[in-house]
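Colleague: Sequence and predicted structure are below.
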Amino acid sequence: MKKDIYQFSALNNVGETIELTSYKNKVMLIVNTASDCGFTSQYKGLQDLYQKHQTQGLEVLAFPCNQFNGQEKGSNEEIKQFCDLRFNVKFPLFSKIDVNGDNTHPLFKFLKSQATGLLGSRRIKWNFTKFLVNKEGKVIKRYAPTTKPEAIESDIEKLL
């Protein structure tokens, strides 16, 4: 059984394999994102957190997902262009993945097993579900899509 997220890798938005060990000793906020969602404006809050705390060791990792009402239809390149133009996103964007179902990315299977949702649910209910991971790669907390990034800042600061 995997005990931390460092055993995982994922493809970034240009198709390169990124080993999560490259984020050792960093606090991570891992988010499933979408460009055409009511919560899409949270990209701004995520970028603000990243900009403010990156030098102290925060990484925001965005994983686009098209499993919720088709709200992430674009290609990886289109998603990056959208994020750059609308929100000037500087944190890492990964390739589009599934977060539920038979093709769930292994990282998200692990995240969901470590921090369940409401009433113990493992299923991700919508875009912009967030997972906070400490410097040792342990999942600390799961946040609902409705939780704004700025509301997580104090939890992040405690881990930095």
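Modeller: Received the coordinates, thanks. This structure is a prediction, so every number in the text was calculated from the model and none was measured.

Colleague: host element of the residue most central in space within the chain?
Modeller: For the chain, Val31 is the residue whose C-alpha lies nearest the centre (C-alpha atoms, centre = their mean; 2.0 Å). With elements taken from DSSP states H and E, the one containing Val31 is strand 27-33.

Colleague: Next, the buried residues of the helix or strand following that strand.
Modeller: Sequence order places helix 42-53 as the next helix or strand after strand 27-33, per DSSP H and E. Buried residues in helix 42-53, defined by neighbour count with 16 or more other C-beta atoms under 10 Å: 42-47, 49-50, 53. Glycine gets a C-beta too; all of them are placed from N, C-alpha and C.

Colleague: which one of the residues you listed is nearest Pro64?
Modeller: For the buried residues of helix 42-53, the residue nearest Pro64 by C-beta to C-beta is Tyr43; the value is 10.9 Å.

Colleague: Give me the phi and psi angles of the closest residue in space to the closest one that isn't next to it in sequence.
Modeller: Nearest non-adjacent residue to Tyr43, counting by C-beta to C-beta, 6 or more residues apart in numbering: Phe87, 4.0 Å away. When read as degrees, to the nearest 10, the backbone of Phe87 gives phi -130, psi 0.

Colleague: Quickly note the distance from Phe87 to Ile140.
Modeller: From Phe87 across to Ile140, the span is 25 Å (C-beta to C-beta, to the nearest Å).

Colleague: Surely Val60 touches Tyr50?
Modeller: Yes - using C-beta atoms under 8 Å, Val60 is in contact with Tyr50, at 4.5 Å.

Colleague: Give the residues shared as contacts by those two.
Modeller: Phe91 (C-beta atoms under 8 Å, 6 or more residues apart in numbering).

Colleague: what about Trp126, distance to Asp102?
Modeller: Distance from Trp126 to Asp102, counting by C-beta to C-beta: 19 Å.

Colleague: Cool, thanks, signing off.
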